[in-house]
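>>> What follows is a protein structure lacking sequence information:
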């Protein structure tokens, strides 16, 4: 925590120092730092600030997160604009002024909001830092608007930022290096942490939402300044602000999924599409004299999606739901204006979005930190729905728990289905075959159908949805390729045989997905089948045999099916039971693994899950569990029937015998007299660790209660035993007693490094899987031969994660002792 804070604060100080030097030297004929070099340096620092903001733990709800991320987005747009100015891409006179003022004005207001909340909520140094950056940005806006203010005032503002940020970073660095012994006034992390913990879980569920709302200030400011006459035109120089806001909102979308906030994540995904399309609209006149057109059917559909999302979001927070209604009005205004983003109507709505974004962001910022909250109407909605017997909100810690038990992300299927709707209706726009780039289709098809669907597929894979993630990723690739070729002017009038072959290959892949969806549910079957109709239209178009109206009908059918899936996913994530069914499997397999699996999937991070696994083991069950290396299959030594079951399910080979695990040497204390002093001391020194010791078999095995099943463990002459270096595993052994262990994979196959693999390989042969996500290591334990340790020598059956030298060093220390 202090290290990430230092990185962010030092990045802010470094950027402010560069800007101070730039403005102090700007009156000179040749400034010390050219515009291009300054822009590149600001881009590097913006990436550093983004890293610091993302890595800073959101549990502490510090204002450093919105400060770093907001300033990172600002410097990203600022840096690209300076690079454009340095390369002579901005028109003169007034090109730099019209390009920089909207972004600087928005960042001034955003940082002032952070400063106000910082002063109100007891973070004075961060508030002072944010206020100093805002003051420097305000001075720069004034410098561009009036020549009476010299650049030295701007430089002084940045120098103040540098000094405050340097002091704060120095305090945190000293605290980190001295391990809490030295702390400068106002930078004592121990005191701050205690204050944060005293607030409990008072923060909002999504600490990144405020940053996403502040990014809307950045994009809306471009159109506000044009409508109010602050800038004289909309042109290429303002694109960096819009695309920086869109790029960072995709990042906020991912972080919102990490914060388990499906609705706000979907909203930020929608907003990013608008930012990219606005940037494309301003970029297009740079090489063509006319303004691009926006497909009206698509904008109408987009407004409907925003309205549906606003309705569901109002159940979570009425304030946020009302805020999204402004984007409904924005899409309608764009649909009604032939000039699109260049018209006064959408720009007027952008002014309303600017003001509303500031107010809602202030509410989110304050509610994250303050004990007394600004009411958002959530309690009234819950009280209203409590009276309804039909609708009941889904709540509780398991709200976003996946089928396989554990995931760091909430479900992104809502956004993926919505992207399918957007991309399909975007393709209904006929456009001009001679000028395909004149229609703003690329942002809808490539961004919506491509990048965001890739995001949805990646999240689905992280949640263990193998088929769904494969389909989303495959469709995303198709949308990106076809969107760039057909709607990006790369396709041309000639129909290519190679394009047809590629589409046929894609259709073969999709045929497999259609077949697999028969065993998933009815909605997914129609979703994949109707996309096959779209792929057929692509193929017919490639070979110049497309019937009139077929592509329009295919995309409309796919869009309507996607819209139903969007509504069904929204309702199932919001209400218990789900109002719109997805349907059951079209084909039901009989026999093994038919219907609901009997294998439980329990998250390893919960103590209740470990207790339940212990109950299953004590009852004679077998389970797959995470360890300090790879996943293993375990059974309790006290249940001989379970040991035999584990041996059968694993199809154990004679050269890969099962081993024993304990949680403490105290469990072997009754048989200590049966071990030699050197062996006992070596076990004591080597454990807990990923070192398995193969020791002579003896009467001590009888103390473990395995009875006749003991013959299945180890060999007739030796047994492998160890204490794992994993708190979950040792706690489980404390509850159950010594356990028999073998790798959680059929004999001869690779080790399993994720609970999904355990389920795939042994799901029908174990009673439960403790889901801990990816294994901390992909290498198995080191197996040491200690059968001749009393003669002073040891051997190695397998060198795993612990090297030979470390094991020999432990033995040498024990022998000296």
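The structure has been received and is ready for your questions. For clarity, every value in this text was computed on a predicted model and none was experimentally measured.
>>> give me the low-pLDDT residue ranges for the stretch 451-600 of the chain?
488-496, 577-578, 589-598 (pLDDT under 70).
>>> rerun that using 50 as the cut-off
For the stretch 451-600 of the chain, the stretches with pLDDT under 50 are 591-596.
>>> cool, the chain as well?
189-191, 193-194, 196-204, 591-596.
>>> Give me the neighbour count for residue 603.
Neighbourhood size, residue 603 [other Cβ atoms under 10 Å]: 21. Where you see a C-beta, it was placed from the backbone N, CA and C, and this is true even at glycine.
>>> scratch that, residue 779 is what I was asking about
Neighbour tally, residue 779, other Cβ under 10 Å: 16.
>>> Now do the host helix or strand of residue 128: which elements does it pack against?
Secondary structure from DSSP states H and E places residue 128 in helix 124-145. Helix 124-145 is packed against helix 2-25, helix 64-86, helix 95-120, helix 151-177, with contacts defined by 3 or more Cβ pairs under 8 Å, 6 or more residues apart in numbering; DSSP states H and E.
>>> between it and helix 2-25, how big is the angle?
30 degrees (axes from the mean of the first three to the mean of the last three Cα atoms, to 10 degrees).
>>> Any buried residues in helix 124-145, and which?
Of the residues in helix 124-145, 125-141, 143-144 count as buried by neighbour count, 16 or more other Cβ atoms under 10 Å.
>>> Stretch 530-546 too?
Applying a neighbour-count criterion of 16+ other Cβ under 10 Å, one finds 530-542, 546 buried in stretch 530-546.
>>> And stretch 602-613, by the same measure?
602, 603, 604, 609, 610, 612, 613.
>>> can you tell me which of these are in helices?
Judged by DSSP state H, the buried residues of stretch 602-613 include 609, 610, 612, 613 as members of helices.
>>> In TSV: these, plus distance to residue 305.
TSV is the format used below for those (distance: Cβ to Cβ, whole Å):
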residue	distance to residue 305
609	37
610	42
612	41
613	43
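>>> can you tell me which of the residues you listed lies nearest to residue 51?
Closest to residue 51 out of these is residue 609 (32.7 Å), distances taken as Cβ to Cβ.
>>> how close does that closest one get to residue 279?
Residue 609 sits 47 Å away from residue 279, going by Cβ to Cβ, to the nearest Å.
>>> quick one: secondary structure of residue 742?
Using DSSP: H, G, I helix; E, B strand; the rest coil, the structure places residue 742 in strand.
>>> Wait, it touches residue 661, no?
No. Applying Cβ atoms under 8 Å as the test, residue 742 and residue 661 come out as separate, 10.6 Å apart.
>>> mind checking which of the helices and strands packed on helix 124-145 is nearest residue 421?
With Cβ to Cβ as the criterion, residue 421 lies closest to helix 64-86 of those, at 27.9 Å.
>>> helices or strands up against the closest one?
On a contact count with 3+ Cβ pairs under 8 Å, 6+ apart, helix 64-86 meets helix 2-25, helix 35-55, helix 95-120, helix 124-145, helix 209-227, helix 239-258.
>>> one more time with 10 Å, if that's ok
helix 2-25, helix 35-55, helix 95-120, helix 124-145, helix 209-227, helix 239-258, helix 344-369 (3 or more Cβ pairs under 10 Å, 6 or more residues apart in numbering; DSSP states H and E).
>>> The fifth one to helix 95-120, inter-axis angle?
Helix 209-227 runs at 140 degrees relative to helix 95-120, counting by the same axes, to 10 degrees.
>>> Spit out the contact partners of the nearest residue to residue 667 once chain neighbours are set aside.
Excluding the flanking residues, the one nearest residue 667 by Cβ to Cβ, 6 or more residues apart in numbering is residue 738, at 5.7 Å. Taking Cβ atoms under 10 Å, 6 or more residues apart in numbering, we find residue 738 in contact with 636-638, 660-663, 667-668, 703-706, 721.
>>> and with 6 Å instead?
637, 660, 662, 667, 704 (Cβ atoms under 6 Å, 6 or more residues apart in numbering).
>>> Could you do residue 712 as well?
Residue 712 neighbours (Cβ under 6 Å, 6+ apart): 643, 647.
>>> heads up, I number from 33, so please use that
Noted, 33 is the first residue going forward, which turns the last one into residue 744.
>>> roughly how far apart are it and residue 672?
From residue 744 across to residue 672, the span is 9 Å (Cβ to Cβ).
>>> just residue 285 next, same as before
Residue 285 sits 53 Å away from residue 672, going by Cβ to Cβ.
>>> Between those two, tell me which one has more neighbours.
Shown here are residue 285 and residue 672; by other Cβ under 10 Å, residue 285 has more neighbours (26 against 19).
>>> That one is in contact with residue 301, isn't it?
Yes. Residue 285 is within contact range of residue 301, at 4.7 Å (criterion: Cβ atoms under 6 Å).
>>> List the buried residues in stretch 65-74.
Buried residues in stretch 65-74 (16+ other Cβ under 10 Å): 65, 67, 69, 70, 71, 72, 73, 74.
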